[in-house]
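Visitor: Compute the structure for the input listed below.
(2 chains)
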2 protein chains.
Amino acid sequence: MSELTIIGGGVIGLAAAWRAAVHGHRVSLYDPEPGRGASWVAGGMLAPVTEAWPGEEDVLRLGEASLRRWPGFAAELAAEGVDPGLAAHGTLVVALDSADAGQLDILAGFLHSLGREVESLTGRAARRVEPGIGSVRSGLLVPGDLAVDNRKLLLALEHACRRRGVTFHSTRIDTLEEVRADAVMLAAGAWTGRLHPLLADAVRPLKGEILRLRPRRGCLPPPGNTVRALVEGRPIYLVPREDGELVLGATQYEAGFDESVAARGVRELLEGAERVFPAIAEYELVETAAGLRAGSLDALPFVGELGDGVFAATGHHRNGLLMAPVTADAVVAWLAGEAPPDEVAAASPARLRERERV
Amino acid sequence: MSELTIIGGGVIGLAAAWRAAVHGHRVSLYDPEPGRGASWVAGGMLAPVTEAWPGEEDVLRLGEASLRRWPGFAAELAAEGVDPGLAAHGTLVVALDSADAGQLDILAGFLHSLGREVESLTGRAARRVEPGIGSVRSGLLVPGDLAVDNRKLLLALEHACRRRGVTFHSTRIDTLEEVRADAVMLAAGAWTGRLHPLLADAVRPLKGEILRLRPRRGCLPPPGNTVRALVEGRPIYLVPREDGELVLGATQYEAGFDESVAARGVRELLEGAERVFPAIAEYELVETAAGLRAGSLDALPFVGELGDGVFAATGHHRNGLLMAPVTADAVVAWLAGEAPPDEVAAASPARLRERERV
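Guide: Numbering: from 1, shown residues only, chains lettered A, B, ... in the order given. Purely as a prediction, here's the structure:
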């Protein structure tokens, strides 16, 4: 049983802290505001298939490996006392115009070639699935996706960590010299690049804005599925919550470490959402928020040893919530001196060293 | 010296309470949340001229009568201890297309006919006045307007009221039977219709959303003037604040007593503002808020006696901040048994009785 220090208390750091503590390790977690950051500002889609794209098979495999773990992960977490609000609902991807429809055909063909269960729909059939959507060219229905209420999840994880004896420190850690333990895990999201030279140019902040809305009296209720679309090249998703809210995301652009909500981002999200689901215009806008996702150099995160007892778990981009369970398993395996889940190999930070050699 | 009970602690109720207390009356004010309501959600323009329209000469006269009082009112208020943040800056009204330009010509002609000092500008000249505005057809510059920071004003008024011995009650008053005094003033804004049968169908809520924004680093600073425009028939204004913020308003529609911020309202304001002042797209969106203005049957408020020692001061629509000083003077005159300012005569609720007789 070893001593593990985790820097960063987003979904990745908290999930790993909890799992490591369950496995008997002594865990300290450093974060001035655990449970906040990019994990707090998220849609909560656990939908690797609709995020997939030809050439990114490794991302899909890693995402699916984590999706398989989610039901067990959520059940065990709920048993610690707080339910993270995992819900099963499909994802409907819609194409608004012929260019979008072409993109959707590519995605469908790719998923069929991998043997994934997806259903291509005409525009009319898509509207039968979700009568509230606007006029669309075509759709792709992916059953069996999951979604989690990210804020409930963060609460549940923090509760489980405390219950399992994880020590929380609100100190902000700027250099690795400030902490010493048998094992150190870097999970500071977009800020992780500042903590290790190998990650310095490999992790960067990608800003994302999301909005939370609620139907007012007389409004059409939110869709039953997560609905995704590309509007003028910008991805839009609408994720219904069990409590009746609808989460609308997400912008994505480089703006350094600026976490403020930009007027343009809000306007683009609302415009896009009204095209996809017109009734949202009459919804109450409950919250606007921005977070910084950790972008990596490619579409994969960095999950693996950096050397000297330091383990990276960052660069999860838009997939932090999805990939938390498999990332936590990789950390636990590392602490036990065992091999990580197969699918994690592609995410090894060793690929950064190979890049250096080239 | 009489005892005055005021129902409603928005800008009208607070202004009257302060002035009445200064004149030696004993004042009680009832409001569960004084200093909030529609007055809290406002741009703070004190600009009667650019709100004017042929046929609404009485509104312009009343607004100008109050605008003349504003500098003295603000100075006396500041002397009570808290500065309300009155600022002198002009208003630039811009026309985006030829239809708007036609409307602007009508407004300019009307104001010239009344001898008001306004300057008609070409689009190019308007952009010389405010280089940050987008492409416009023409403009109208009104010098000598004022603006006030509505939230500082509300703080200043509440402070002055307390200093002058006004008693605040947080009870919500639903019927006039609950209060008794020599004199009762009804200043509950959109809710006033519930308090007196004569006002029941005469005052209605008009919802308005406003946004508060702040330039981020590297952004063009806010305009120096208040900038107004009509975008696709919807009025937009941008009011710069002394603290660097920019207030963007305002939607206006009937939605009953619903005070929630609607997605459509926010989207329309942001779209419109980007047309008028493109740099706002990169501003931080600091706050979204909605308030219910008190609409009257015509463009004038109801300021005057209803009978039985009850005085109405409501229905100020978008002009509550502007018209607070003249309204307060009318209340003080009534308490003293004197004639109100001339311009208030047109706002008398007696016109409701005339309507009943027709």
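
Visitor: you'd agree A:Gln103 is up against A:Ala95?
Guide: Yes: here A:Gln103 reaches A:Ala95: they are 6.9 Å apart, a contact under C-beta atoms under 8 Å. (C-beta placed from N, C-alpha, C; glycine too.)

Visitor: These two - which one has more neighbours?
Guide: Comparing A:Gln103 with A:Ala95 by other C-beta atoms under 10 Å in any protein chain shown, the one with more neighbours is A:Ala95, at 23 against 15.

Visitor: ok, so what distance separates that one from A:Gly134?
Guide: Counting by C-beta to C-beta, to the nearest Å, the gap from A:Ala95 to A:Gly134 is 12 Å.

Visitor: One more: A:Pro278?
Guide: 5 Å.

Visitor: where do the contact lists of A:Gln103 and A:Ala95 overlap?
Guide: Shared contacts of A:Gln103 and A:Ala95 (C-beta atoms under 8 Å, 6 or more residues apart in numbering or on different chains): A:Leu230.

Visitor: Which positions within the lengthiest helix in chain A qualify as buried?
Guide: The helix that spans the most residues within chain A, counting by DSSP state H, is helix A:57-79. By 16 or more other C-beta atoms under 10 Å in any protein chain shown, the buried positions in helix A:57-79 come out as A:59-67, A:69-70, A:73-74, A:77.

Visitor: OK, contacts around the nearest residue to A:His112 once chain neighbours are set aside?
Guide: Closest residue to A:His112 apart from its sequence neighbours, by C-beta to C-beta, 6 or more residues apart in numbering or on different chains: A:Val118 at 7.1 Å. Applying C-beta under 8 Å, 6+ apart, we find A:Val118 in contact with A:Val49, A:Ala108, A:Leu111, A:His112, A:Leu140, A:Leu141, A:Val142.

Visitor: go again using 6 Å as the cut-off
Guide: Applying C-beta atoms under 6 Å, 6 or more residues apart in numbering or on different chains to A:Val118 gives the contacts A:Leu111, A:Leu140, A:Val142.

Visitor: Identify the residues contacting the second one.
Guide: If I follow you right, that is A:Leu140. Counting by C-beta under 6 Å, 6+ apart, A:Leu140 makes contact with A:Val93, A:Leu104, A:Ala108, A:Val118, A:Ser120.

Visitor: do you know how far the closest residue to it other than its chain neighbours is from A:Ala229?
Guide: Take A:Leu140 and drop its neighbours on the chain: the residue closest to it by C-beta to C-beta, 6+ apart is A:Val93, 4.4 Å away. A:Val93 sits 7 Å away from A:Ala229 when distances are taken as C-beta to C-beta.

Visitor: Give me the more crowded residue out of these two.
Guide: Each of A:Val93 and A:Ala229 has its neighbours counted (other C-beta under 10 Å); A:Val93 has more, 29 against 25.

Visitor: Give me the local confidence score for the more buried one.
Guide: Per-residue pLDDT puts A:Val93 at 95.

Visitor: check contacts around it.
Guide: The contact partners of A:Val93, by C-beta under 6 Å, 6+ apart, come to A:Thr50, A:Leu140, A:Arg228.

Visitor: out of those residues, who's nearest chain B?
Guide: Set against chain B, the nearest of the contacts of A:Val93 by C-beta to the nearest C-beta is A:Arg228 (18.3 Å).

Visitor: residues in contact with A:Ile168?
Guide: In this structure residue A:168 is Phe, not Ile. For A:Phe168, the contacting residues are A:Leu29, by C-beta under 6 Å, 6+ apart.

Visitor: before we move on, what about A:Ala200?
Guide: Residues near A:Ala200 by C-beta under 6 Å, 6+ apart: A:Gly193.

Visitor: What parts of the stretch 101-250 of chain A come near chain B?
Guide: Proximity of the stretch 101-250 of chain A to chain B, by C-beta under 6 Å from any C-beta of the partner chain, involves residues A:Leu213.

Visitor: Could I get the full set of helices for the stretch 101-250 of chain A?
Guide: If DSSP state H, counting those that start in this stretch is used as the criterion, the helices of the stretch 101-250 of chain A fall at A:123-129, A:150-163.

Visitor: closest one to A:Pro223 among these?
Guide: The closest of those to A:Pro223 is helix A:123-129. By C-beta to C-beta, the value is 8.8 Å.

Visitor: helices or strands next to the closest one in the packing?
Guide: The contact analysis (3 or more C-beta pairs under 6 Å, 6 or more residues apart in numbering or on different chains; DSSP states H and E) places helix A:123-129 against no helix or strand.
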